[in-house]
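> Here you go, sequence then predicted model.
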2 protein chains.
Amino acid sequence: MRLNQTLIPTLRDDPSDAEANSHRFMIRAGLIRQLASGVYSYLPLGYRVLRKLEAIIREEMEKAEAVEVLLPSLHPAELWQQSGRWDLYGDDLMRLKDRHGRPFALGATHEEAITSLVRDEVKTYKRLPLTLFQIQTKFRDERRPRYGLLRGREFLMKDAYSFDADTSGLDRSYSRMYDAYTAIFTRCGLRFRAIEADSGSIGGTDTHEFMAVCDIGEDTIVHCGGCGYAANLELAVSASSAAEPGSALTAPSLAETPGVRTIAQLTRFLNVMPEQIVKSIALLADERPVLVLVRGDREMNETKVKRLLGAADVQLMGELEITGLLRSAPGFIGPVNIPENVMIVADEEVRGLRDIVIGANELDRHWTGVTPERDFRIDRYGDLRSAADGDRCCRCGQPLLFDKGIEVGHVFKLGTRYSEAMRASFLDDSGRSLPYIMGCYGIGVSRLLAAIVEQHHDESGIVWPESIAPYRVHLIVIQPKDPVQLELAERLYRDLQASGVEVLFDDRSERPGAKFADADLIGIPLRITVGKRAADGFVECKRRYEPDSFELEAAKLGEHLQSGK
Amino acid sequence: MRLNQTLIPTLRDDPSDAEANSHRFMIRAGLIRQLASGVYSYLPLGYRVLRKLEAIIREEMEKAEAVEVLLPSLHPAELWQQSGRWDLYGDDLMRLKDRHGRPFALGATHEEAITSLVRDEVKTYKRLPLTLFQIQTKFRDERRPRYGLLRGREFLMKDAYSFDADTSGLDRSYSRMYDAYTAIFTRCGLRFRAIEADSGSIGGTDTHEFMAVCDIGEDTIVHCGGCGYAANLELAVSASSAAEPGSALTAPSLAETPGVRTIAQLTRFLNVMPEQIVKSIALLADERPVLVLVRGDREMNETKVKRLLGAADVQLMGELEITGLLRSAPGFIGPVNIPENVMIVADEEVRGLRDIVIGANELDRHWTGVTPERDFRIDRYGDLRSAADGDRCCRCGQPLLFDKGIEVGHVFKLGTRYSEAMRASFLDDSGRSLPYIMGCYGIGVSRLLAAIVEQHHDESGIVWPESIAPYRVHLIVIQPKDPVQLELAERLYRDLQASGVEVLFDDRSERPGAKFADADLIGIPLRITVGKRAADGFVECKRRYEPDSFELEAAKLGEHLQSGK
């Protein structure tokens, strides 16, 4: 492709609104343009890469015996009502009415559509297992679209759904998809980790996230260098660290702590370690009052609290609830003498503590010398804290490591969440009607594209991995007006294309510096420059990821490319 | 692919709601399923064919130097307001609001999105011409979705847009696309005609429709066997037929015609030929009153009337307007003594008529013996009638032929319709700012798929053209429990796949009749059956479009397929 015949509007300067490197370079290299907040057009270069990603995904899906379909974006509201998600999904679900006033959702995901299809078409265990996938646009009305393709409102997704007759079948389908995802991300040149993750409100029993490791990521990956354990911070379990118990079993006493609300203030004011304080967090869990206790040096993990309580929704109590339900004072909450109807749950690390400091439920007062289970009740213990720097692996005891990551893939055991709600069943070999056991598996294709750029760039632009580069060769002719240079460049262009090499040919009459800058920005793996040495039959070669160029006889270029070096 | 590993839910019986053959067979062969009225899921077989169509389209687009992009479906309302179509497009445009209450349209077409992109990125004539295309979902809220994929509300389209610096550039871009469309439809095995068509409300100067010829089509194609002239009925021009003029120049006289309103009634009641009657049709053209005169044996052509008057909107007058504006009586309208402010336009065939019958603007009365331009004025003549059976070509005089057709493609010279409205301009070589000269080019990809089935089927099912068949070979093993048969079939399956032949393998334990019926329904070009003669190394081959099968040595199958016979 000649650069002038396509549309690659490169920009010299960074766009003002681009915080992420991927966003910045994808705009500057002319891959994408914004049409509305979180809504992007793919220009020719961006679309080429997208199609290469699609091809890799398609190949690996087919190897994993998934079959491709294409489901619509317009979903009748009834479908989402059947699953219960019409109400649950909230504002992220884009909704509209047709000319007859009938409500529709724009597919944010396709569990309902696929379950309804399979419910109607697959009636017997003989047709199971079945895994269907599609590569299709999704619509989610994110509250804060940002970072270009990393968090958009209209984006491309590969979603797959497996249907099995039993849980061991689901295990097999799940692990096939897990392996396919590993293969896909590896082929794309992505640095990633598959981590244990929370199943969230989608409902289900087992889930892994595939996280691209990069600093801009909004998720925290916790992993162990020792045993390979890896989990989302929402879920990561660290070994409990036994705190220094208080020196003696003193009796509780009320301390005046005027205006001292935070742990930091309290440690200074009372001259204690944070480990000797217990924080009390007042919550409404599905509207029930709950007090969560974690050690002062720890952060409560909301996901874990939800799991322990089996709660769908957890909210911090407001002032009104604190004074009304707890009869306490905001900033000075504690478990001593709390009303009987308030459930008290404590992190494992609170177990066995003695002689601690804790809120006294009165303005400007804390208890000191308190011992859990002697001076107040604890209804339940559990792992309720977030893993933190310095923690050790719960499995092998090695130090835990923390990375930022972007979720690019998700595999998920749905079980019968949708098949039961939507009455989607099959007959087993004894004629019983059973709900399908389902799994769902997603890859954010456009997000993956951005994550790859996030990992593969330098200060001058993108550095594409060979497998998904928009072209393999970026051919530049320095002086298109020099007939010797032009003739050689044109010949190379023809020959390379004829031998199946994808070439982007820059034959513009720009100054060489501008052409080189564009080449660096666009990031095609091999740059071939036809310049003065054309007269001797030589060209300059430079790999995008290497600082130095080298000379090559033009006649040997084909051979050089074939050797794959 | 093994039939059992994919999802091809064939049906023995016709679905009750399928009127069109394509709809019927695409449902029965398990290609598509309806999710909502006019909204379909593509099952694996349907999606395979769709992707083959896409591949052909992509290839021909790239040959024609069009470059692929992908634009979003969510369009901010402002874009459509800039072009004026937010109000003009009406109920077909699906609209929604995002979580912040901002209005969006779902892309029904992408002139606005592409014009806004090019406006921002292409500022100089040096970057023109540029033709961009995409293959993407469109949303149009059809009042009456029907015939399966032939008229849907969510459908796949290839749309291309050309940007040129001048009209001769547009002519070249247009003709390149015209040729590409011809190549695409030819490669798909479609019987089609490219016809002159009306440019409609989209605005523009030149347009051709590519019509698939088939009986279920809602459009009428008029074409000449002599000179190749072809046009949509909306536009087709036929040679004027000189009517027998009245025998003498009699004077007008009022005839009592009680309850005689139609031409048929009038010919019987007054014993005249329809050619001696002139029909008067009262219209509001952009709210101006207009009377259109056509001969009694002719039908008024609304598109032509609109064009002659340069009117965007034409409505038949209601009773109120007829009595109020025309001071006439419904059913007895005529041009004699009509108010001065009513424009009178007449079809060319009215010119030179004498001694005619015409409405008298009074209940139950007609004039006889009337002569146009003596007894009433005519402000303007034009071609205002629809071509009809028996008409002759306006170019060569040969008889015109009429076919029904489905529009599958459309090429269109937009000119500056969008670039002016959206202030999209470039600088020419002398530094002047000029609007782009645009063209737009559409193929209904999913409709094309249905049109091909509409043309390629018999009473048993689909008969795919080789170029887009979902698989090349349908392999059946009659008795999978017979180890000799199964072993041969499995070997053929492996060998064919290894040599790059796409095979659908039916190794189900169904009775042979059911398998053959499915094969006929699905319509893969070559059926290979492994049965009793497997013991001797023979298989049965049957081409889908031929009635008879033939035997072949299994060992020679590869050779046979390679020969392409």
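Thanks, I have it. Given the structure is predicted, the values throughout are model-derived calculations rather than measurements. Residues are numbered from 1 along each chain as shown, chains lettered A, B, ... in the order given.

> rest of the way, CA atoms for contacts and neighbours
Noted.

> List the pairing partners of the top strand by length along chain A within its sheet, with orientation.
Under DSSP state E, the strand in chain A containing the largest number of residues is strand A:400-415. Applying DSSP bridges, strand A:400-415 is found paired with strand A:206-213 (antiparallel), strand A:219-224 (antiparallel), strand A:437-444 (antiparallel).

> Highest mean neighbour count out of those?
When the strands paired with strand A:400-415 are scored by mean count of other CA atoms under 10 Å in any protein chain shown, the highest mean neighbour count falls to strand A:437-444 (a mean of 26).

> which residues are contacting it?
Applying CA atoms under 8 Å, 6 or more residues apart in numbering or on different chains, the contact partners of strand A:437-444 are A:111, A:155-167, A:170, A:173-174, A:177, A:408-416, A:418-419.

> Check the offset of stretch A:473-485 from the chain's centre.
Using CA atoms, centre = their mean, to the nearest Å, the distance from the centre of stretch A:473-485 to the centre of the chain it belongs to is 43 Å.

> Quick one: the helices in the stretch 451-565 of chain A, in order.
Assigned by DSSP state H, counting those that start in this stretch, the stretch 451-565 of chain A shows helices spanning A:483-498, A:512-522, A:557-562.

> Give me the buried positions along the shortest one.
For helix A:557-562, burial by neighbour count (16 or more other CA atoms under 10 Å in any protein chain shown) applies to residue A:557.

> now whatever helix or strand residue A:426 lives in: how far from the chain's centre is it?
If you go by DSSP states H and E, residue A:426 is part of strand A:425-427. Taking CA atoms, centre = their mean, the mean C-alpha location of strand A:425-427 is offset from the chain mean by 34 Å.

> The residue in the stretch 401-550 of chain A that chain B sits nearest to: neighbour count?
Closest residue of the stretch 401-550 of chain A to chain B, CA to the nearest CA: residue A:508 (10.2 Å). Number of residues near residue A:508 (other CA atoms under 10 Å in any protein chain shown) recorded here: 17.

> tell me the contacts of it?
Here residue A:508 is in contact with A:3-4, A:480 (criterion: CA under 8 Å, 6+ apart).

> and chain B, which of those residues contact it?
Counting by CA under 8 Å from any CA of the partner chain, residue A:4 from the contacts of residue A:508 sit close to chain B.

> Dump the contacts of residue A:508 to TSV, plus neighbour count and distance to residue B:30.
As requested, these are exported to TSV (neighbours: other CA atoms under 10 Å in any protein chain shown; distance: CA to CA, whole Å):
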residue	neighbour count	distance to residue B:30
A:3	18	44
A:4	17	45
A:480	20	56
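
> Out of the contacts of residue A:508, which one has the weakest pLDDT?
On pLDDT alone, residue A:4 ranks lowest of these, at 90.

> If we ignore the residues flanking it in sequence, what's nearest that residue?
In space, residue A:4 comes closest to residue B:127 once its chain neighbours are excluded; the distance is 6.4 Å by CA to CA, 6 or more residues apart in numbering or on different chains.

> got it, and residue A:442?
residue A:159 (4.4 Å).

> How many residues are close by that neighbour?
The burial count for residue A:159: 24, using other CA under 10 Å.

> Across the sheet, point out what pairs with it.
As for beta bridges, residue A:159 partners with residue A:134, residue A:442 under DSSP bridges.

> Using CSV, list the CA coordinates for the longest strand of chain A.
Only the C-alpha atoms of strand A:400-415 are listed here, as CSV (Å, rounded to 0.1, in the frame of the first residue of the first chain):
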residue,chain,number,x,y,z
LEU,A,400,3.9,-11.4,47.4
LEU,A,401,4.5,-9.1,44.4
PHE,A,402,2.1,-6.4,43.1
ASP,A,403,1.6,-5.3,39.5
LYS,A,404,-0.9,-3.1,37.8
GLY,A,405,-2.8,-4.7,35.0
ILE,A,406,-5.6,-4.3,32.5
GLU,A,407,-8.1,-7.0,32.1
VAL,A,408,-8.0,-8.3,28.5
GLY,A,409,-9.7,-11.6,28.9
HIS,A,410,-12.0,-13.4,31.3
VAL,A,411,-13.1,-17.0,31.6
PHE,A,412,-16.0,-17.8,33.7
LYS,A,413,-17.9,-20.8,35.0
LEU,A,414,-21.5,-19.6,34.8
GLY,A,415,-23.0,-22.9,35.9
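
> any weak-confidence spans in chain A?
A:199-205, A:243-248, A:564-565 (pLDDT under 70).

> Return the set of residues that bridge with the spatially most central residue of it.
Note on chain A: the residue nearest the mean C-alpha position is residue A:407, at 1.4 Å, using CA atoms, centre = their mean. Judged by DSSP bridges, the bridge partners of residue A:407 are residue A:211.

> Now do the contacts for it.
Contacts of residue A:407 by CA under 8 Å, 6+ apart are A:209-212, A:219.

> Now do the domain split for chain A, please.
Using automatic domain parsing, the domain ranges for chain A come out as A:16-189+A:415-454, A:253-382, A:471-562.

> Ok, which of the ones you listed comes nearest residue B:40?
Residue B:40 lies closest, by CA to CA, to one member of these: domain A:16-189+A:415-454, at 6.3 Å.

> For stretch A:294-304, list every residue counted as buried.
The neighbour-count check on stretch A:294-304 (16+ other CA under 10 Å) flags A:294-298, A:300-304 as buried.

> With stretch A:538-550 instead?
A:538-545.

> And for stretch A:395-414?
Neighbour-count burial for stretch A:395-414, counted by 16+ other CA under 10 Å, picks out A:398-414.

> repeat for stretch A:366-376
So for stretch A:366-376, counting by 16+ other CA under 10 Å, buried means A:366-372.

> need the residues of the stretch 151-300 of chain A near chain B, please.
Close to chain B, as judged by CA under 8 Å from any CA, the stretch 151-300 of chain A has residues residue A:154.

> List the backbone torsions phi and psi for the residue of the stretch 151-300 of chain A found nearest chain B.
The minimum distance from the stretch 151-300 of chain A to chain B, using CA to the nearest CA, falls at residue A:154 (7.2 Å). Taking degrees, to the nearest 10, you get phi -130, psi 120 for the backbone angles of residue A:154.

> burial measure for it, as a count.
Residue A:154 is flanked by 24 other residues according to other CA under 10 Å.

> which residue packs closest to it, ignoring adjacent ones?
Distances taken as CA to CA, 6+ apart place residue A:139 nearest to residue A:154, at 4.6 Å, with adjacent residues excluded.

> now do residue A:226
Counting by CA to CA, 6+ apart, residue A:398 is the residue found nearest to residue A:226 once chain neighbours are left out, at 5.7 Å.

> Now do the same contact list for residue A:207.
A:196-199, A:410-413.

> and those as TSV, adding distance to residue A:317?
Output for the contacts of residue A:207, formatted as TSV (distance: CA to CA, whole Å):
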residue	distance to residue A:317
A:196	30
A:197	27
A:198	24
A:199	25
A:410	32
A:411	34
A:412	32
A:413	33
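
> between those, which is closest to residue A:329?
Closest to residue A:329 out of the contacts of residue A:207 is residue A:198 (33.2 Å), distances taken as CA to CA.

> contacting residues for the nearest residue to the closest one once chain neighbours are set aside?
Of all residues not flanking residue A:198 in the chain, residue A:235 sits nearest, at 6.2 Å (CA to CA, 6+ apart). If you count contacts by CA under 8 Å, 6+ apart, residue A:235 has them with A:196-198, A:303-304, A:386.
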